[in-house]
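In: pasting the sequence and the predicted model now:
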Amino acid sequence: MSIKSAVKAGLKFCLNASSPLFRRVTDMDVSTAREKLTHCSPKPTGTAKADNRLLPSQCDLQIVIPAYNVEAYLAACMDSVLAQQTRYTYRVILVDDGSTDATPAIADRYAADSRVTVIHQENRGLSGARNAGLRELFGRYVMFVDSDDILYPTAVEALLSTADRFDSDLVEGGAYYIFEDRKTVMHRYRTSEIVASPSEVLHGHAWGKVYRASLFQRLCFPEGYWYEDSLLSYLIFPQTRNASVTAEMVYGYRINQSGIVKASQGKPKAIDTYYITEELIDAHAQAGLPVDDAYLRYLLLQFRLNQYRLADLPEDIQESAFVLTCHLYQTLFPADWTDRRNRALLRALKRRDFGAYRMCCKLF
């Protein structure tokens with residue numbers, strides 16, 4: 001065992017043993033916490049509710065591509081999509097989201113292809129661009145491709161043939177990270193098969209999957225928020241009748257140093273990670289979806305991720321988000337619910353121990 005691993009194991013032991021080493025119980029109240037977060041960055045007003053038109057299927061797959069200032073990458077993305085080697089029919093909705101570079105002109109060049117519809121709109125963000133492509137659902141399935149990424153040649157064939165084989169509502173394939181000079185595996189599956197628990201197996205990003213179109217008839221991506229892909233775990237996965245994976249590698253995710261992960265570090269807008277958690281928990285409840293063990297374990301994972309995203313903000317902002325998270329915990333989690341892998345985190349939330357909570361989020 002390396003020194004780093006030994007230190008980490010020792011810290012985990014201290015946490016699980018309820019050591020006072022990291023203890024720092026907060027006395028901040030919920031109203032103060034809410035006020036602090038709102039003053040730092042107000043909560044957006046977007047919603048996950050929608051009333052999209054579900055039309056008779058006109059093709060097998062509807063591919064939605066949001067594009068904003070991607071003049072360097074859009075052509076490669078579109079060429080990869082239009083060169084698919086497949087027996088399935090597909091159409092593309094390319095949404096120029098108020099770009100200020102050459103993106104609109106590049107997009108218009110592809111409108112000459114009968115499979116492509118180009119929409120130009122004022123900037124509404126990634127969610128707004130995706131939602132524009134969902135207003136009318138005319139494919140059996142829907143797919144999202146980010147405009148700086150690519151599809152591999154047999155992606156559509158692999159995903160849809162798997163969907164048809166298992167009569168799946170959702171299928172995910174393998175993905176590569178794409179760097180300037182190389183690619184590496186991001187994730188892959190050994191076999192094509194049905195998965196028992198989508199929220200515990202599938203990845204939380206919208207791309208690299210096909211979805212039965214009806215899943216989005218009443219849902220959209222909440223506009224105004226960062227981290228909009230959270231919609232999947234709260235509302236899409238729980239409503240999936242059956243999900244599957246394909247062993248094929250289908251997607252190339254381009255590493256973008258100016259992307260949301262980098263850009264969000266230390267920015268007040270990163271508070272959206274808590275806000276969207278709160279919004280989608282409420283939407284999950286309104287939809288009457290089950291609060292089962294898989295959902296509760298996902299919430300704990302989300303709580304950890306939220307703290308990671310907020311770690312570069314002032315400590316009082318982190319503490320405010322923690323206080324509101326404790327309130328969510330008290331509201332949602334049964335008093336006798338336990339999970340061996342998360343016992344230290346559960347104890348920190350129950351005791352409002354901000355010090356132990358932060359350490360849990362760093363170590364696990």
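Out: Structure received.
In: please count neighbours and contacts with C-alpha atoms only from this point.
Out: OK.
In: grab the nearest non-local neighbour of Ser192.
Out: Counting by Cα to Cα, 6 or more residues apart in numbering, Ser192 lies nearest to Thr246, which is 4.1 Å off, once chain neighbours are set aside.
In: for burial, what's the neighbour tally of that neighbour?
Out: By other Cα atoms under 10 Å, 25 other residues sit near Thr246.
In: and it, what element?
Out: strand 243-254 (DSSP states H and E).
In: list the buried ones in the lengthiest strand in the chain?
Out: As assigned by DSSP state E, the longest strand anywhere in the chain is strand 53-67. Along strand 53-67, these residues count as buried under the neighbour rule (16 or more other Cα atoms under 10 Å): Leu54, Asp60, Leu61, Gln62, Ile63, Val64, Ile65, Pro66, Ala67.
In: what about the first one, distance to Val156?
Out: From Leu54 across to Val156, the span is 21 Å (Cα to Cα, to the nearest Å).
In: and if you look at the second one?
Out: Plainly put, Asp60 is 10 Å away from Val156 if you go by Cα to Cα.
In: any regions of this structure where pLDDT drops low?
Out: Applying pLDDT under 70 to the chain picks out residues 1-22, 257-264, 364.
In: so who does the spatially most central residue of the chain touch?
Out: By Cα atoms, centre = their mean, the mean C-alpha position of the chain lies nearest to Asp229, the distance being 2.7 Å. Asp229 makes contacts with Gly204, His205, Ala206, Phe221, as judged by Cα atoms under 8 Å, 6 or more residues apart in numbering.
In: PyMOL command for the buried members of those residues?
Out: Listed next is the PyMOL selection for buried residues among the contacts of Asp229, using 16+ other Cα under 10 Å:
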select buried, resi 204+206+221
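In: the contacts of Asp229 in helices, which ones?
Out: Among the contacts of Asp229, no residue falls in helices (DSSP state H).
In: now do the shared contacts for Asp60 and Val156.
Out: Residues touching both Asp60 and Val156 (Cα under 8 Å, 6+ apart) are Tyr88.
In: just the strands in this structure please.
Out: With strands called from DSSP E, the chain shows them at 53-67, 90-97, 116-121, 136-144, 150-151, 170-178, 183-187, 193-195, 209-212, 243-254.
In: what bridges to the closest residue to Arg212 other than its chain neighbours?
Out: Of all residues not flanking Arg212 in the chain, Tyr141 sits nearest, at 4.4 Å (Cα to Cα, 6+ apart). Beta-bridge partners for Tyr141, by DSSP bridges, are Leu61, Arg212.
In: could you tell me how many residues sit around Tyr141?
Out: Other residues close to Tyr141 by other Cα under 10 Å number 24.
In: what's the answer for Ala287, then?
Out: 11.
In: and the gap between it and Tyr225?
Out: 20 Å.
In: same thing with Glu136?
Out: 23 Å.
In: do Pro56 as well
Out: Pro56 is 31 Å from Tyr225, by Cα to Cα.
In: what of Ala112?
Out: 34 Å.
In: between those two, which is the more surrounded one?
Out: Legend: neighbour count by other Cα under 10 Å for Ala112 and Tyr225, higher for Tyr225 (23 against 11).
In: which residues touch the more buried one?
Out: Tyr225 is in contact with Pro44, Gly46, Asp272, Ile276, counting by Cα under 8 Å, 6+ apart.
In: for the residues you listed, which one is nearest Phe166?
Out: Ile276 (32.3 Å; Cα to Cα).
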